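Novice: just the structure for this:
(one chain, ligands or ions: 1)
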Amino acid sequence: MRELWYDATQVHIGGEWRAPDGGGQLPLENPSRGEQIGSIARGTAADIDAAVSAARAALEGDWGRMTAVERGRILTRIGQLVETRIEELTVIEAMDVGKPLTQARNDVIALARYMEFYGGAADKVMGDTIPYLDGYTVYTLREPHGVTGHIVPWNYPMQIIGRSVGAALAMGNACVLKPAEEACLTALAFVALAEEAGLPPGALNVVPGLGEEAGAALAAHPGIDHISFTGSVGVGALVQSAAAANVVPVTLELGGKSPQLVFDDADLDAALPFLVGACIQNAGQTCSASSRVLVQRGVYEEVVTRMGAAYDALLVGPARSDLNVGPLISARQKEIVEGFLTRGADLRIAGQGQFAEGLPEGGYYVRPTLFADVPADHVLARDEIFGPVQVVIPFDTEDEAVAIANGTDYGLVASVWTGSGARQMRLAKRLRAGQVFINNYGAGGGVELPFGGVGKSGHGREKGFVALYGFSQLKTVAAKHG
Ligand code: NAD
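Specialist: Okay, here's the model as predicted:
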């Protein structure tokens with residue numbers, strides 16, 4: 001098998017690799033060492049314009065004429081090709097994002113699974129027939145939006161491409177993808193594999209570049225028919241405003257401050273790995289990271305002690321050494337997380353991970369830190385940190401726990417650990433979040449499970465079958481035949 005080929009210094013438009021307009025380049029960094037190891041294309045508004053035209057041409061050509069069955073087969077083949085490249089993609093992602101190898105490998109497996117899922121679903125999206133007036137036959141059709149824009153962040157490039165581009169292509173849209181400037185390599189590798197699997201030129205175009213240049217140009221482009229944005233709240237609001245000027249629908253997958261609620265009757269042995277793991281995965285740089293743990297007073301000290309011990313055992317090191325926690329993505333992210341640690345200086349530290357021996361100098365490492373007895377209105381308990389920093393908050397009653405859990409601007413994910421079936425059902429309704437987990441956290445991240453937020457965590461749903469409705473629009477046909 002030949003080596004997976006893509007060119008990070010170029011953009012990919014209409015099935016061709018080409019230098020970005022103006023020839024600009026941005027540094028490619030390895031966060032494990034804090035070193036520049038190459039460069040990536042600095043796509044511009046002109047490249048976005050060319051990508052939108054190429055996508056439009058694909059819709060008017062082979063791609064637009066393809067049946068749902070054929071689209072599904074191509075997606076399935078993409079998934080199979082991804083699977084044949086698991087180790088190469090794992091190493092690329094681990095190096096680019098700084099993820100420990102095992103975590104990067106899980107992302108590749110998820111990308112393949114998204115392609116398999118949306119490949120299988122492509123020909124199963126159906127309309128309705130509607131009983132209506134005498135002499136009419138009325139039915140609905142699900143049609144693609146047209147050209148969809150996808151702006152993705154650096155923390156889970158492959159998973160987010162899988163869930164948004166995968167669903168959009170399944171519905172027959174043509175896509176323009178703007179990966180993050182901090183990590184765009186697997187997006188480029190993905191389009192190479194997709195075309196090898198038979199995706200027609202222009203059905204997927206990839207333009208790496210700066211958010212305020214290529215990203216802003218994509219959000220504001222009048223030729224875009226739908227935008228899927230995953231990233232920060234501030235930029236999400238900018239993207240939504242830009243799209244509003246063109247009256248274009250937007251899906252926003254934003255941040256979170258997701259709580260886990262641990263009641264006195266919880267199975268602590270089952271809960272413990274999730275209480276910690278749900279925060280420190282990907283060095284805490286996960287939108288659905290559980291950065292708050294709310295614990296009922298009867299088991300509070302036991303949970304704090306056991307979580308603290310788990311933190312003390314965490315080892316931090318470069319992606320390739322595949323330890324518990326890798327580096328943060330960038331010097332800027334490290335500065336942000338260290339700023340939060342400073343603001344927590346007068347809080348009780350219940351546990352702290354260790355740097356592995358021989359840590360590369362210059363890498364963006366921080367020690368994972370668990371704070372206990374944190375007031376619910378403390379900045380560390382309210383703001384998204386996006387680093388391996390977790391707070392434990394005590395509570396007495398169920399009502400108090402719900403008030404704290406629902407008391408931030410966010411509402412992405414929540415989990416409840418309790419043996420009481422009645423409480424499980426009550427809290428599943430009362431918690432303000434797009435996903436609620438009972439006696440687990442994340443449910444293994446299944447691609448089948450609709451995902452998205454309420455409040456400042458965003459709106460619209462990706463993942464699962466329901467995402468196919470988001471990436472399509474409904475047409476009603478009313479035929480009068482007498
Ligand atoms: P970010 O908003 O800075 O960047 C995300 C993407 O937007 C990047 O591709 C970036 O280039 C682009 N961008 C930046 N400025 C832009 C602009 N003015 N116009 C258009 N595009 C622009 O986010 P980040 O800091 O890189 O990522 C972290 C944030 O993303 C966190 O808040 C995290 O919670 C969130 N996130 C959410 C999910 C989810 O599914 N809900 C998943 C991953 C990350």
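Novice: helix or strand for residue 222, just tell me which one.
Specialist: Counting by DSSP states H and E, no helix or strand carries residue 222.
Novice: please parse the protein into its domains.
Specialist: 11-254+460-477, 259-447 (automatic domain parsing).
Novice: list of residues touching stretch 278-285?
Specialist: 97-99, 103, 155-156, 258, 260, 288-291, 314, 324-329, 333, 337, 353, 366, 368, 385-390, 415, 441-442 (CB atoms under 8 Å, 6 or more residues apart in numbering). Every C-beta, even on glycine, is put in place using the N, C-alpha and C of the backbone.
Novice: ignore what I typed, I meant stretch 474-482.
Specialist: Contacts of stretch 474-482 (CB under 8 Å, 6+ apart): 127, 130, 132, 135, 136, 137, 138, 139, 140, 141, 142, 143.
Novice: ok, those residues vs residue 40, which is closest?
Specialist: residue 143 (35.0 Å; CB to CB).
Novice: so the closest one bridges to which residues?
Specialist: residue 473 (DSSP bridges).
Novice: pretty sure residue 414 contacts residue 405?
Specialist: Yes: with contact defined as CB atoms under 8 Å, residue 414 counts as touching residue 405 (5.9 Å).
Novice: now do the shared contacts for these two.
Specialist: By CB under 8 Å, 6+ apart, the residues touching both residue 414 and residue 405 are 259, 261, 431, 432.
Novice: can I have the buried ones of the contacts of stretch 474-482 as a PyMOL selection?
Specialist: Here is the PyMOL selection string for the buried members of the contacts of stretch 474-482, based on 16 or more other CB atoms under 10 Å:
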select buried, resi 142
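Novice: residue 139 and residue 131 touch, don't they?
Specialist: No: judged on CB under 8 Å, residue 139 makes no contact with residue 131 at a distance of 11.0 Å.
Novice: surely residue 57 touches residue 202?
Specialist: Yes: if you go by CB under 8 Å, residue 57 and residue 202 touch, sitting 5.4 Å apart.
Novice: what is in contact with those two at once?
Specialist: Residues touching both residue 57 and residue 202 (CB under 8 Å, 6+ apart) are residue 14.
Novice: neighbour count winner among the two?
Specialist: residue 202 (27 against 17; other CB atoms under 10 Å).
Novice: got the contact list for that one?
Specialist: Per CB under 8 Å, 6+ apart, neighbours of residue 202: 13, 14, 15, 54, 55, 57, 58, 61, 63, 174.
Novice: tell me which of these fall in helices.
Specialist: 54, 55, 57, 58, 63 (DSSP state H).
Novice: and the closest residue to the fourth one other than its chain neighbours, how far from the ligand?
Specialist: Which is residue 58. Leaving aside its sequence neighbours, residue 58 sits nearest to residue 202 (CB to CB, 6 or more residues apart in numbering; 3.2 Å). Look at residue 202 and the ligand: by CB to the nearest ligand atom, to the nearest Å, they are 21 Å apart.
Novice: repeat that for residue 457.
Specialist: For residue 457, the distance to the ligand - CB to the nearest ligand atom - is 6 Å.
Novice: that residue - how many residues pack around it?
Specialist: So residue 457, with other CB under 10 Å, has 28 neighbours.
Novice: in the stretch 251-400 of the chain, what residue spans correspond to strands?
Specialist: Assigned by DSSP state E, counting those that start in this stretch, the strands in the stretch 251-400 of the chain fall at 259-262, 292-296, 315-316, 348-352, 354-355, 369-372, 389-395.
Novice: residues making contact with the longest one?
Specialist: Contacting residues not belonging to strand 389-395 are listed as 276, 279-280, 284, 290-297, 300, 303-304, 307, 337, 340-341, 344, 347, 350, 368-376, 378, 380-381, 401, 404 [CB under 8 Å, 6+ apart].
Novice: now stretch 212-231, how far from the centre of its chain.
Specialist: What separates the centre of stretch 212-231 from the centre of its chain is 17 Å, taken as CA atoms, centre = their mean, to the nearest Å.
Novice: can you map out the helices along the stretch 151-300 of the chain?
Specialist: 157-170, 185-196, 216-220, 233-245, 268-280, 300-312 (DSSP state H, counting those that start in this stretch).
Novice: and of those helices, who's closest to residue 108?
Specialist: helix 157-170 (6.1 Å).
Novice: which residues does the residue sitting nearest the centre point of the chain contact?
Specialist: Of all residues in the chain, the one closest to the mean position by CA atoms, centre = their mean is residue 160, 4.4 Å from it. With contact taken as CB under 8 Å, 6+ apart, residue 160 is in contact with 152, 153, 230, 253.
Novice: try it again at 7 Å.
Specialist: By CB atoms under 7 Å, 6 or more residues apart in numbering, the residues touching residue 160 are 152, 153, 230.
Novice: cool, residue 152 as well?
Specialist: 160, 161, 179, 180, 230 are the contacts of residue 152 under CB under 7 Å, 6+ apart.
Novice: filter the contacts of stretch 278-285 to the buried ones?
Specialist: Here, 16+ other CB under 10 Å leaves 97-99, 103, 155-156, 258, 260, 288-291, 314, 324-329, 333, 337, 353, 366, 368, 385-390, 415, 441-442 buried among the contacts of stretch 278-285.
Novice: contacts with the ligand among those, please.
Specialist: Restricting these to those touching the ligand (CB under 6 Å from any ligand atom) yields 155, 156, 386.
Novice: which parts of the stretch 351-482 of the chain sit against the ligand?
Specialist: So the stretch 351-482 of the chain meets the ligand at 384, 386, 412, 458 (CB under 6 Å from any ligand atom).
Novice: okay, the residue lying closest to residue 44 once chain neighbours are set aside and residue 46: tell me how far apart.
Specialist: Distance criterion CB to CB, 6+ apart; nearest residue to residue 44, sequence neighbours excluded, is residue 21 at 4.6 Å. Residue 21 is 4 Å from residue 46, where distance means CB to CB, to the nearest Å.
Novice: again with residue 223
Specialist: Counting by CB to CB - residue 223 and residue 46 are separated by 13 Å.
Novice: would you point out the most distant pair within the shared contacts of residue 414 and residue 405?
Specialist: The widest separation within the shared contacts of residue 414 and residue 405 (CB to CB) is 12.6 Å, between 261 and 432.
Novice: for residue 267, the count of nearby residues, please.
Specialist: 12.
Novice: how about the one 4 residues further on?
Specialist: The number of residues packed near residue 271 is 25, by other CB under 10 Å.
Novice: would you check that residue 119 makes contact with residue 82?
Specialist: No: between residue 119 and residue 82 there is no contact under CB atoms under 7 Å: 11.4 Å.
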